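Undergrad: Please work out how this folds:
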Amino acid sequence: MKRSFSTYLTCALLIVGLIACGGDSDDDVDKQPTQPSTQPSTSGGGDVLQIDVDYPAEEAAIIEAFTLHAEAIGTEDANQFMAYWLRSESEDVFVAWVFWAGAFEKHLGWQAVRKAWEGIFHIRSGNMSVDINSVAINTTGKKASLRGSYRWAVNGNVIALMVKDRDEGWKIQQADYTGEKFGKQVEEIKNPAYVNPPPEED
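TA: Predicted coordinates for the structure are as follows:
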C-alpha cells in the first residue's frame, strides 16, 4: 500500500510540475520580439534567414544612382558627384580609366578618386551619360554589379560595383571605365540572386 501511495504521489507531482512549466500563453507569445522568418536549409546545415528583397525596386535605385552620378560629373562639382561614392579610404574603393592620353590609371580610396576626377577636368569636361545594359544583385540585396556604356567626349564601356548604405542608399564602390582592356578590375557579383536581363538558357 505504501508503494502504491508513493507511486500516486510521484505521478501527481510530475503532473503538477508539467502544468506549471507548460507552454506560453497567447499573451506571452504576443510579448516576444519579432524574429526574422527562417526556412529550412537545403544543405542540411540548419535553418537560414529568409531575406525578402524587392529586386526590381533595388535595380531601379541602382540605375538611378549611377545615372545621377554621371550627370553630376558634368557639373565638375566634386561635392555633387562624390556623394554617390562609398566614403572609405580602403583600396577596395577605386576608379580605373584611360581618360588621360589613353594611359591606364587606377585611383584607390575616396580622396584619391575625388582628386582624380578633379584632375581630369583639366583635359576633359562636358556632360556624361550612361546606358545600363545589365544589373546583378546578391542574395542580401546589399551588393550589385552593373555593366553599361558611357559617352563623355569619347564612348566606352563601364563596369561598376555598388553597395547599399543603410542610411544613404546605393553607393559606387568600384568603377572601371576601361572596358576591361587592362584586365578585370571590378569584383562582380558571383552567383547573384537576381540578374537583369536574365542569362540565356543553354
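Undergrad: pretty sure A116 contacts L108?
TA: No: with contact defined as C-beta atoms under 8 Å, A116 does not count as touching L108 (9.8 Å). No exception for glycine: its C-beta is placed from N, CA and C like everyone else's.
Undergrad: Which of these two has more residues huddled nearby?
TA: Remark: of A116 and L108, A116 carries more neighbours, 19 against 16, as counted by other C-beta atoms under 10 Å.
Undergrad: What strand or helix carries the nearest residue to that one once chain neighbours are set aside?
TA: Nearest residue to A116 in three dimensions, chain neighbours excluded: H107, at 4.0 Å (C-beta to C-beta, 6 or more residues apart in numbering). Using DSSP states H and E, H107 sits in strand 103-108.
Undergrad: try I63
TA: helix 55-73.
Undergrad: Report the residue spans of the protein with pLDDT below the cut-off.
TA: 1-50, 202 (pLDDT under 70).
Undergrad: what do you get if the cut-off is 80, keeping everything else the same?
TA: 1-51, 200-202 (pLDDT under 80).
Undergrad: Now do the strands in it.
TA: 38-40, 47-49, 94-100, 103-108, 129-137, 143-152, 154-165, 169-176, 194-196 (DSSP state E).
Undergrad: who does the third one touch, helix- and strand-wise?
TA: Think strand 94-100. If you count contacts as 3 or more C-beta pairs under 8 Å, 6 or more residues apart in numbering; DSSP states H and E, strand 94-100 packs onto strand 103-108, helix 110-120, strand 169-176.
Undergrad: Any buried residues in the second one, and which?
TA: By neighbour count on 16 or more other C-beta atoms under 10 Å, the buried set for helix 110-120 is W110, A112, V113, R114, A116, W117, I120.
Undergrad: Can you give me the distance of the fourth one to W97?
TA: Right, R114. Distance check for R114 against W97: by C-beta to C-beta, to the nearest Å, it reads 14 Å.
Undergrad: again with the last one
TA: In this view, I120 and W97 are 8 Å apart by C-beta to C-beta.
Undergrad: The first one too?
TA: Using C-beta to C-beta, W110 is found at 16 Å from W97.
Undergrad: circling back to that earlier point, now render the buried residues of helix 110-120 as TSV, adding distance to Y55.
TA: As requested, these are exported to TSV (distance: C-beta to C-beta, whole Å):
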residue	distance to Y55
W110	28
A112	32
V113	28
R114	31
A116	32
W117	30
I120	34
